[in-house]
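Enquirer: Would you be able to build a 3D model of this:
(chains A and B)
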2 protein chains.
Amino acid sequence: MIELTPIGTVRSTRTEVADDNWDRFEARIELSHDIDPEALVGLEAFSHAEIIFFFDRIAESAVDWGSRYPRGNPKWPKVGVFAQRGKSRPNRLGATIVRILRCQGRALEVAGLDAIDGTPVLDIKPVLREFLPREPVRQPEWATELMARYWS
Amino acid sequence: MIELTPIGTVRSTRTEVADDNWDRFEARIELSHDIDPEALVGLEAFSHAEIIFFFDRIAESAVDWGSRYPRGNPKWPKVGVFAQRGKSRPNRLGATIVRILRCQGRALEVAGLDAIDGTPVLDIKPVLREFLPREPVRQPEWATELMARYWS
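Expert: As a prediction, this is how the structure comes out:
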């Protein structure tokens, strides 16, 4: 068993769980009061950060452990929970690359964060080119279809 | 407080903590015995996966909370722990995009995993093009220098 403590919280104009259209909302991360704001120094020199967060609105009993239809849609293939990025997953971790807008004291304003207001944040990492895929990315057709309205 | 349970373990030819040259080692992830191997079905249709793991060799007392010189090197600027990807960080989470080589039963063979043998794995997510940066990536010079020998 591994125990983690949130280092911050998402503040977003989106307050209800939803699947799509994340670009329509504004979000920032507010560091917890016991976290030294020095921890954010230098992050603005990067264009992007990866946010690791906890899907706290998903009950433990709602987690899928085997395979399922993505978004419950039988027109797509039934695939394993580790072949999907959906939120009802073991350990309920989310990980999303966001664009850094600005850093002000204990707050980090970002664009493209698919986490609703109140979501606990576990880590913030800068995106380095060297950590992005070094080969062409291949993905199945269903994944591309699922993402069609995810951001816009 | 958030409690997580590893879903698998890294098996790697690298057994000691080190900074660089990760491409010289081979790694696979073995699912824990209580995890349904169905969870990996369909992952091979993706070229890359993101592995979220726990830096279990870092003592809680060794975690940096404010700012520090990356790798303790004073030729680089002193920056916040959230502006670095080093392992002595709050919550001790690692997140790395790897190339998927093959999936066999409860084992996932990968290339480019910077975690040593025995590291607890918390999540496996497929890499979707739509979750990669949608704008050009910018990073400070020190980060590029630090990564010079990270992989090769």
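Enquirer: could you pull out the strands for chain A?
Expert: Taking DSSP state E, the strands of chain A run over residues A:2-4, A:8-12, A:27-31, A:48-54, A:67-68, A:79-80, A:93-104, A:107-111, A:120-126.
Enquirer: nearest to B:Ala107, of those strands?
Expert: strand A:79-80 (13.7 Å; CB to CB). In this view, the C-beta of every residue, glycine as well, is placed from N, C-alpha and C.
Enquirer: quick one: is the closest one near chain B?
Expert: Yes - against chain B, strand A:79-80 shows contacts by CB under 8 Å from any CB of the partner chain at A:79-80.
Enquirer: before we move on, the earlier item: let's have the strands of chain A in TSV, adding mean pLDDT and mean neighbour count.
Expert: Formatted as TSV, the strands of chain A follow (pLDDT from 0 to 100; neighbours: other CB atoms under 10 Å in any protein chain shown):
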stretch	mean pLDDT	mean neighbour count
strand A:2-4	98	16
strand A:8-12	98	21
strand A:27-31	98	21
strand A:48-54	98	23
strand A:67-68	98	18
strand A:79-80	98	23
strand A:93-104	98	18
strand A:107-111	98	20
strand A:120-126	98	24
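Enquirer: Throw those into CSV and include distance to B:Glu135, thanks.
Expert: Output for those, formatted as CSV (distance: least, CB to CB, whole Å):
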stretch, distance to B:Glu135
strand A:2-4, 30
strand A:8-12, 20
strand A:27-31, 16
strand A:48-54, 8
strand A:67-68, 32
strand A:79-80, 29
strand A:93-104, 6
strand A:107-111, 9
strand A:120-126, 15
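Enquirer: mind checking which of those strands is nearest B:Asn21?
Expert: Per CB to CB, nearest to B:Asn21 of those: strand A:120-126, 21.0 Å.
Enquirer: distance between the closest one and the chain's centre?
Expert: Remark: strand A:120-126 is offset 9 Å from the chain centroid, using CA atoms, centre = their mean, to the nearest Å.
Enquirer: How about stretch A:96-103?
Expert: For stretch A:96-103, the distance to the chain centre is 12 Å (CA atoms, centre = their mean).
Enquirer: Same check on stretch A:20-32?
Expert: For stretch A:20-32, the distance to the chain centre is 10 Å (CA atoms, centre = their mean).
Enquirer: Give me the buried positions along stretch A:53-73.
Expert: A:53-55, A:58, A:64-65, A:67-68, A:70 (16 or more other CB atoms under 10 Å in any protein chain shown).
Enquirer: Look at it and report the distance between its end residues.
Expert: 25 Å (CA to CA, to the nearest Å).
Enquirer: So what touches that stretch?
Expert: Identification of contacts with stretch A:53-73 by CB atoms under 8 Å, 6 or more residues apart in numbering or on different chains yields A:4, A:6, A:10, A:17, A:19, A:76-81, A:84, A:86-90, A:92-96, A:115-116, A:118-122, A:142-143, A:146, B:2, B:35-36, B:38-39, B:41-42.
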